[in-house]
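Colleague: turn this into a model:
(chains A and B, ligands or ions: 4)
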Amino acid sequence: MLIKRKAPWWNVFYLIEVISGLLITMKHFLFKKTATLQFPEERREYSDRYRGLHYIKTVNNVENCTACMLCPTVCPAECIHIVAEERADKEKYPARFEIDLLRCCFCGMCEEACPKDAIKLSNIYEMAQVERIVLEKDVLLDQRGGK
Amino acid sequence: MPKCTIDGREVEFQAGENIVNIAKRVGVDVPVFCYHPGLSVVAQCRMCLVEVEKMPKLQTACSTPATDGMVVRTTSDSVKKARASTMEFLLVNHPLDCPVCDKSGECDLQDNSFAHGSAYMRSTEERRTFVDVDMGPVIQKNMNRCIHCTRCIRFGDEVAGVREMVAIQRGNMTDITTIDGLPLSTQYAGNYADICPTGALTLKDFRFKKRAWFLKKTPSVCGGCSKGCATEVHHENGSIYRTLPRVSPGVNKYWLCDEGRFLFNHAQEEDRVREVWTKTSSEATWAEEIQKFRSTLAQAGSVVFAVGSDLTLEEMKAIQVFVSQHAPSAVLGHFGTPGILTSSEDGPEDSILRMKSKTANLMGAEKLGFKPLQKASFDVAIVFTAGRAVLPELQAKHKIGVGLFITKEAERFDVVLPSLSMFEKDGTIVNHAGIEQRLRRVVPPRGHCKSISEVLMLLANTGKKQGVA
Ligand code: SF4
Ligand code: SF4
Ligand code: SF4
Ligand code: FES
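Modeller: Ligands and ions are numbered 1, 2, ... in the order given. Okay, here's the model as predicted:
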């Protein structure tokens, strides 16, 4: 039900309200810090726990990943595809490792499931592209995160 | 019948049954490593310890036969403690490389460690490591993961009939290996991987192909010989990854031979003919070839229908009905294994499972009244096979093959119409002892393969009805 309140008589002098509103605006304009950033020259600091673009951690240029398939198992978006193979220096390694970024929901479950501390979500959040992005292994091996 | 009590539940049992099996019947799982129902009992892993009333110490459930009035407890504190310590001992030397290990997901050690062990480890000593010998083409060994249950040694000795696995050294350094480090010689080597409760013995063929938990399982029957072993085919996304034996007390018990185990590879061969293939043109279509097939049949003088004894009863019957209605003068005969023409010539090839007839449905063909194919020359020969029967040498001017062929085989024909393998169809096969078993469709066929009944149906349809082929 619509409740109609009777406006008090002094509301006819609305100029007072207009001026007080303008004062608030001027206060923000002149004395407060602006909320917007001049992106990309200026960037916001994100928490270390931010979940952005993935990468696979390497130690001495060897990927930590052993292709145990726990991340494709846990991934709710089913966007990780791994093909495992054997290599002379490593019993099992991912011959192919792909993440379909358009399907990824950045839940971070892959990072949590990984027993080898290999798959990581970095702080990088600029991922806009004109084409579908599937991260291949060589891209993933780029150590972007520092985590 | 005598009765005993397990965790407060009363169970009847037959004299001589052990506690593990009786407990299973009332839904009580006693963890085991060394015990396997198909092998002798050695009671050496100590995982199955249970408390038995009036006995001073814990008893091994695998080697203790139940007696009337026995009271067994499997969840008491002392049992839990014993299990936890057994697990801790087993893991002292275990690499715990589950992420790399192919057994992960179906590993007894993993499951039991999860259920009965502790998540923390007290030992800080370095673990033992071995250099592994090559075990031949079937088995990949990783001795670091072995828990010395000796199942493999007993399997070779008691089932496969060759004493080829042995334990050398002692204690910590016990090494389970083959005699003189030779590769495995048995035709049943795949079973070593099945019975090993850890990832110490795994299949080379399956190595790193798929994690166990992704696989879907379809019960089926092996089409490798007339034994008809019960199998479970593991597949995902239209590809078969492995075949495991299914327990079938009357036929194969717990085992499967290597030939049957890797049969699926033939159906997934790269150069399998999956589109209509002809000698003359590379752009043949089903509609055209069916049309030509029909006119060839109508014009030919003498026709032979050669039916592989690897087909199912349903397919054989369909061919029989088709011939009686559409080519009554044609000769009908079955083929399969050279030299094994009738079931009376069939027999065991060894003392375990393998039979001489390498096609699964020889008995079925005979039941339906098929006679072995006689050598003669014909105008047209039509050969039906599911890829297992050895193709017969046929004297014919025009040869048509319907079934599973690889490109090399197809070149012996004028036309090949691709049809289904044993893994792509439902049906019934009759084993050497007359037991009827169901084949199950495991994966859909790739390419444009059509079932034999569909091919026959297209042939029988003279084109008066629209929308065929
Ligand atoms: S962040 Fe989530 S959705 Fe994205 S790849 Fe990892 S598990 Fe999958
Ligand atoms: S044998 Fe079992 S517990 Fe050991 S590494 Fe393999 S999966 Fe893990
Ligand atoms: S290799 Fe496997 S089956 Fe053989 S003793 Fe070791 S754990 Fe047991
Ligand atoms: S299962 Fe009983 S001692 Fe191994």
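Colleague: every contact and neighbour count from this point should use C-alpha atoms.
Modeller: OK.
Colleague: quick one: pLDDT of residue 103?
Modeller: Looking at chain A here, since you left the chain open. Residue A:103 is assigned 92 on the pLDDT scale.
Colleague: not what I meant, chain B
Modeller: pLDDT for residue B:103: 96.
Colleague: what sits against the closest residue to it other than its chain neighbours?
Modeller: Using Cα to Cα, 6 or more residues apart in numbering or on different chains and skipping the chain neighbours, the partner closest in space to residue B:103 is residue B:199 (4.8 Å). By Cα atoms under 8 Å, 6 or more residues apart in numbering or on different chains, the residues touching residue B:199 are B:101, B:102, B:103, B:104, B:107, B:142, B:145, B:146, B:193.
Colleague: so which of those are also by ligand 3?
Modeller: residue B:146 (Cα under 6 Å from any ligand atom).
Colleague: filter the contacts of residue B:199 down to the buried ones and hand me the ChimeraX line.
Modeller: The ChimeraX selection below is limited to those of those classed as buried (16 or more other Cα atoms under 10 Å in any protein chain shown):
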select /B:101,102,103,104,107,142,145,146,193
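Colleague: among the contacts of residue B:199, name the ones in helices.
Modeller: residue B:193 (DSSP state H).
Colleague: nearest to ligand 3, of the contacts of residue B:199?
Modeller: Of all the contacts of residue B:199, ligand 3 sits closest to residue B:146, with 3.8 Å by Cα to the nearest ligand atom.
Colleague: any stretches of chain A with poor pLDDT?
Modeller: Residues of chain A meeting the criterion pLDDT under 70: A:146-147.
Colleague: got the residues of it near ligand 1?
Modeller: A:75, A:76, A:77, A:79, A:80, A:104, A:105, A:106, A:107, A:108, A:109, A:110.
Colleague: and the fifth one, what does it touch?
Modeller: Under the criterion of Cα under 8 Å, 6+ apart, the contact list for residue A:80 reads A:71, A:72, A:97, A:98, A:99, A:100.
Colleague: may I ask which two of these are separated the most?
Modeller: A:71 and A:100 (13.1 Å; Cα to Cα).
Colleague: can you tell me the closest non-neighbouring residue to the residue of chain B found nearest chain A?
Modeller: Here the residue of chain B nearest chain A is residue B:99; by Cα to the nearest Cα that distance is 4.4 Å. Of all residues not flanking residue B:99 in the chain, residue A:68 sits nearest, at 4.4 Å (Cα to Cα, 6+ apart).
Colleague: can you say which helix or strand has the one you found in it?
Modeller: Here residue A:68 sits in a region with no helix or strand, counting by DSSP states H and E.
Colleague: report the contact partners of it.
Modeller: Contacts of residue A:68 (Cα under 8 Å, 6+ apart): B:98, B:99, B:100, B:211.
Colleague: near ligand 4 too, which of those?
Modeller: Counting by Cα under 6 Å from any ligand atom, the subset of the contacts of residue A:68 that neighbours ligand 4 is empty.
Colleague: quick check: which element contains the spatially most central residue of chain A?
Modeller: The centroid of chain A falls nearest to residue A:52 when counting by Cα atoms, centre = their mean (3.4 Å). For residue A:52, there is no helix or strand it lies in under DSSP H and E.
Colleague: touching, it and residue A:122? I think so.
Modeller: Yes - contact status for residue A:52 versus residue A:122: in contact at 5.0 Å, counting by Cα atoms under 8 Å.
Colleague: so how far does stretch B:133-148 reach from one end to the other?
Modeller: One end of stretch B:133-148 sits 17 Å from the other (Cα to Cα, to the nearest Å).
Colleague: what residues of that stretch count as buried?
Modeller: Those would be B:133-135, B:138-148, for stretch B:133-148 by 16+ other Cα under 10 Å.
Colleague: and the contacts of that stretch?
Modeller: Here stretch B:133-148 has contacts from B:45, B:90, B:93-96, B:128-132, B:174-178, B:181-185, B:189-190, B:192-193, B:198-205, using Cα under 8 Å, 6+ apart.
Colleague: of these, list those near ligand 2.
Modeller: Counting by Cα under 6 Å from any ligand atom, B:96, B:198, B:199 from the contacts of stretch B:133-148 sit close to ligand 2.
Colleague: for the last one, give its distance to residue B:345.
Modeller: So the one you mean is residue B:199. For residue B:199 relative to residue B:345 (Cα to Cα), the value is 41 Å.
Colleague: repeat that for residue B:69.
Modeller: Where residue B:345 is concerned, residue B:69 sits at a distance of 53 Å (Cα to Cα).
Colleague: quick one, helices of the chain?
Modeller: Just going to use chain A. Using DSSP H, the helices of chain A run over residues A:15-31, A:70-74, A:109-113, A:137-140.
Colleague: nope, chain B please
Modeller: Under DSSP H, chain B gives helices at B:19-25, B:77-92, B:108-116, B:151-154, B:190-195, B:258-261, B:264-267, B:286-299, B:313-326, B:362-367, B:407-410, B:452-460.
Colleague: from the chain's centre, how far out does the third one sit?
Modeller: With Cα atoms, centre = their mean, to the nearest Å as the basis, helix B:108-116 stands 26 Å off its chain's centre.
Colleague: touching ligand 3 at all, it?
Modeller: No - Helix B:108-116 stays out of contact with ligand 3 when judged by Cα under 6 Å from any ligand atom, the minimum separation being 9.2 Å.
Colleague: now the second one
Modeller: No - when contact is scored as Cα under 6 Å from any ligand atom, no part of helix B:77-92 falls within range of ligand 3; the minimum is 10.4 Å.
Colleague: other SSEs contacting that helix?
Modeller: Secondary-structure packing of helix B:77-92 (3 or more Cα pairs under 8 Å, 6 or more residues apart in numbering or on different chains; DSSP states H and E): strand B:49-52, helix B:108-116.
Colleague: so what's the residue count around residue A:116?
Modeller: 15 (other Cα atoms under 10 Å in any protein chain shown).
Colleague: for it, list the residues it contacts.
Modeller: So residue A:116 contacts A:64, A:65, A:66 (Cα under 8 Å, 6+ apart).
Colleague: show me where the stretch 101-250 of chain B has strands.
Modeller: Listed in chain order, the strands of the stretch 101-250 of chain B (DSSP state E, counting those that start in this stretch) span B:139-141, B:165-168, B:175-178, B:201-203, B:216-221, B:230-236, B:239-245.
Colleague: likewise for chain A?
Modeller: All strands of chain A, identified by DSSP state E, fall at A:54-56, A:58-59, A:62-63, A:80-87, A:90-100, A:119-121, A:134-135.
Colleague: okay, these in a markdown table with distance to ligand 2 next?
Modeller: Shown next, in a markdown table, are the strands of chain A (distance: least, Cα to the nearest ligand atom, whole Å):
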| stretch | distance to ligand 2 |
| --- | --- |
| strand A:54-56 | 23 |
| strand A:58-59 | 22 |
| strand A:62-63 | 20 |
| strand A:80-87 | 16 |
| strand A:90-100 | 13 |
| strand A:119-121 | 21 |
| strand A:134-135 | 29 |
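Colleague: for those strands, which one sits closest to residue B:299?
Modeller: Taking the strands of chain A one by one with Cα to Cα, strand A:80-87 is closest: 53.4 Å.
Colleague: enumerate the positions of that closest one that are buried.
Modeller: Those buried within strand A:80-87 under the rule 16+ other Cα under 10 Å are A:80, A:81, A:82, A:84, A:85.
Colleague: using CSV, write out every CA atom in that strand.
Modeller: Coordinates of each C-alpha in strand A:80-87 appear next as CSV, following Å, rounded to 0.1, in the frame of the first residue of the first chain:
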residue,chain,number,x,y,z
ILE,A,80,41.7,-27.6,-17.5
HIS,A,81,43.0,-30.1,-20.0
ILE,A,82,46.2,-32.1,-19.3
VAL,A,83,48.0,-34.8,-21.3
ALA,A,84,50.5,-36.6,-19.2
GLU,A,85,53.7,-38.2,-20.5
GLU,A,86,57.1,-39.4,-19.4
ARG,A,87,60.3,-37.6,-19.8
